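*Asks:* mind folding the following:
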Amino acid sequence: LVSVDDAFAIIRLDGTPTIAPGDNTYEFKWTPMSTGIFTLSTVQMKWNHGCFHYDSAVLRKPLSAIEVQPSDPTQTIELNPLFLIPGHVQQVRITFNAGSDIIEEGTVELVCSDGLLVVPPNFDPSDDNWVETCSVDLPRCDEDGIIVLTTFVKSRFIKPLDQKLRLPTDDGNSSATAVQAMQARVTTSYRHKGYNETDSPSNEIPCMITTLEATVTTLDKPAFTVDECRTYSYSEDKLLITTLLHCNTPVPFSIKEWEIELPGLEVVDGGDMNKKLFIHPIAEGEQLSLAFTCSYVTDEKEKEEGDPVLKIVLQDEFGKTFDQVLPLDLYFFYDQMRKDKEFAAASSVDAVLTCSDSEGLVGAPVTFFLEIDTTNILQRKDESDIVLLYKFISDDTDWIIGGQVEGYLDSSTSKKHSLQFIGMPCCPGVVKSFPTLSVRYVTSEEDSAPLTVHIKQPDFFKSLSFVNHMALAYPVEFE
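*Replies:* Next up is the predicted model:
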């Protein structure tokens, strides 16, 4: 027979039962606090001097049993912020909510991928406390309890495998970085919220165990990238530089501060055209254009050599700031600057081409004037005089040229020369191409390499077509 000591729990009816003639049905209320299979082993009822007894060990009838499954945990874990910016130290907040569960104990484990380091919660973010993994105990809390842990995560740039192997990418984007992640794993021993309403000792009700996971990752790109960078020269010593920034963050950011560093250039007074841009948040996928008016730095105060960069300070909606250094792709511009300096020291010819009119009819002659400066011409060792052969070259589809289009320049006595020739536009429209100049040394050799010619030409010439034509018609006799 089943004894009281063998029973897991004894359930009693509330109040005094009433027995009526015929079949009687009674309901026993029981809220299980642990998992397993529970069997109704014994039922006993006393009425006055009568006793009704049912024992599953004696009667050969199917057992009444119930299988209790673990209840679904109502606990939650949340990580803030939603993402990490590569190359920065950020504060991460871990929020644990017990929900309707009673947490007896638990642990929080933080695991970082390659390139990330974390400080254990409530530790000072000094150099000695950065680790790849750490674990802390979770204190006991009742239902609806909230536990907040704060830590710091440090990220550094990691190149993707295709960049390490120098493999071509599908989109041609070289600014992408390998995605890094920090995983928070919370393991708790918990009981149902009805545990406090039972009279059973705590050691008789085993705890249920669950594991929660949450992950925060870095962006696969820097927060801001440079889509394009262009230069526009509008005078001999000034130029306009524009940069187009692209936002890659899921939440809006604003640019609080910015500074552009350009070797050999400096921003003129009042040349920063981007005031009050920091008050405008930039959402993911949006672009922001910055413009700077710059001038060339003289040799006396030339800046140190380096790469052109744009330094910006980002600010999120909570006022947190992040520093970012964006390289500017001005390779062709600086390559041209380098060539200009080299050409200035070598033999070169400077020329200025002007036109007598800015517009004219198709086929109507236009006079071109050319001022030539041969000051930078170096005298050849095998020649006593400096005699140059010049020739004007033109594309017949735009201009037909005539006059003194070929000849000699004696630079031994004079470094300044003035020439003129005639040109006729061939087609109507705005013509932006003009005749060019070729200059060579006159030597005893059959041919010599052409010299470098720096020629400034007009911006455009407006070629007009005939809209009317005056003519005289008269009759003739045919024999």
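*Asks:* what's near enough to touch Leu409?
*Replies:* Leu409 is in contact with Ile372, Thr374, Val387, Leu388, Leu389, Tyr390, His417, Val439, counting by Cβ atoms under 8 Å, 6 or more residues apart in numbering. For the C-beta atoms, the positions are set from N, CA and C on the backbone; glycine is no exception.
*Asks:* just the pLDDT for it.
*Replies:* Note on Leu409: pLDDT of 86.
*Asks:* any idea how far it is from Leu451?
*Replies:* Leu409 sits 11 Å away from Leu451, taking Cβ to Cβ, to the nearest Å as the criterion.
*Asks:* give the intersection of the neighbour lists for the two.
*Replies:* Both Leu409 and Leu451 are in contact with Leu388, Val439, where contact means Cβ under 8 Å, 6+ apart.
*Asks:* now do the contacts for Val366.
*Replies:* By Cβ under 8 Å, 6+ apart, Val366 lies in contact with Cys355, Ser356, Asp357, Gly360, Ile422, Gly423, Met424, Pro425, Phe461.
*Asks:* buried ones in the helix or strand where Val111 lies?
*Replies:* Using DSSP states H and E, Val111 falls within strand 102-112. Using 16 or more other Cβ atoms under 10 Å as the test for burial, strand 102-112 gives Ile102, Ile103, Glu104, Gly106, Val108, Leu110, Val111, Cys112.
*Asks:* that one packs against which elements?
*Replies:* strand 133-138, strand 146-155, strand 181-191 (3 or more Cβ pairs under 8 Å, 6 or more residues apart in numbering; DSSP states H and E).
*Asks:* model confidence score at Asp128, please.
*Replies:* Note for Asp128: predicted pLDDT of 79.
*Asks:* sorry, that was for Thr210
*Replies:* Confidence score, pLDDT, at Thr210: 90.
*Asks:* try Pro168
*Replies:* Pro168 carries a pLDDT score of 48 in this model.
*Asks:* how about Arg338, secondary structure?
*Replies:* Recorded secondary structure, Arg338: helix (DSSP: H, G, I helix; E, B strand; the rest coil).
*Asks:* that one: neighbouring residues, count only.
*Replies:* A count of nearby residues for Arg338, using other Cβ atoms under 10 Å, gives 11.
*Asks:* state the distance from it to Gly264.
*Replies:* Relative to Gly264, and taking Cβ to Cβ, Arg338 is found at 10 Å.
*Asks:* likewise Thr187?
*Replies:* To Gly264, Thr187 is 60 Å away according to Cβ to Cβ.
*Asks:* over to Asp23?
*Replies:* To Gly264, Asp23 is 103 Å away according to Cβ to Cβ.
*Asks:* the two: which is more packed in?
*Replies:* More neighbours surround Gly264 than the other of Asp23 and Gly264, with 17 against 5 (other Cβ under 10 Å).
*Asks:* the spatially closest residue to that one that is not a sequence neighbour: neighbouring residues, count only.
*Replies:* Leaving aside its chain neighbours, Gly264 sits nearest to Val297 (5.5 Å; criterion: Cβ to Cβ, 6 or more residues apart in numbering). Neighbour count for Val297, taken as other Cβ under 10 Å: 14.
*Asks:* Asp114 now?
*Replies:* By other Cβ under 10 Å, the residues close to Asp114 number 10.
*Asks:* repeat that for Val43.
*Replies:* A count of nearby residues for Val43, using other Cβ under 10 Å, gives 14.
*Asks:* give me the three-state assignment for it.
*Replies:* Secondary structure for Val43, judged by three-state DSSP, is strand.
*Asks:* relative to Arg12, how far out is it?
*Replies:* Per Cβ to Cβ, Val43 is found 11 Å from Arg12.
*Asks:* cool, Tyr441 as well?
*Replies:* Note on Tyr441: its distance to Arg12, by Cβ to Cβ, is 121 Å.
*Asks:* quick revisit: His280 is nearest to which of the helices and strands packed on strand 102-112?
*Replies:* For the helices and strands packed on strand 102-112, the distance to His280 is smallest for strand 146-155, at 26.8 Å, taking Cβ to Cβ.
*Asks:* re the thing from before, need the buried ones from the contacts of Leu409 selected in PyMOL.
*Replies:* Burial among the contacts of Leu409 is assessed by 16+ other Cβ under 10 Å; the matching PyMOL selection reads:
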select buried, resi 372+374+388+389+390+417+439
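*Asks:* find the nearest non-adjacent residue to His192, please.
*Replies:* Distances taken as Cβ to Cβ, 6+ apart put Ser71 closest to His192, at 5.3 Å, once the chain neighbours are dropped.
*Asks:* does the one you found touch Met208 like I think?
*Replies:* Yes: judged on Cβ atoms under 8 Å, Ser71 makes contact with Met208 at a distance of 7.1 Å.
*Asks:* next, show the common contact partners of these two.
*Replies:* Common neighbours of Ser71 and Met208, counting by Cβ under 8 Å, 6+ apart, are His192.
*Asks:* contacts only, for Leu212.
*Replies:* Counting by Cβ under 8 Å, 6+ apart, Leu212 makes contact with Pro73, Gln75, Thr76, Ile77, Arg185, Val186, Thr187, Thr188.
*Asks:* re the thing from before, and the gap between the residue nearest to Gly264 and Met273?
*Replies:* Per Cβ to Cβ, Val297 is found 20 Å from Met273.
*Asks:* now Tyr232
*Replies:* Separation of Tyr232 from Met273 (Cβ to Cβ) stands at 13 Å.
*Asks:* equivalent analysis for Leu244, please.
*Replies:* Distance from Leu244 to Met273, counting by Cβ to Cβ: 14 Å.
*Asks:* kindly state the pLDDT recorded for Trp399?
*Replies:* Trp399 is given a pLDDT of 90.
*Asks:* count of neighbours near the closest residue to it other than its chain neighbours?
*Replies:* Spatial nearest neighbour of Trp399, chain neighbours left out: Gly423 (4.6 Å); criterion: Cβ to Cβ, 6+ apart. A count of nearby residues for Gly423, using other Cβ under 10 Å, gives 24.
*Asks:* picking up where we left off before, the residue nearest to His192 belongs to a helix, doesn't it?
*Replies:* No: assessed with three-state DSSP, Ser71 is coil; it does not lie in a helix.
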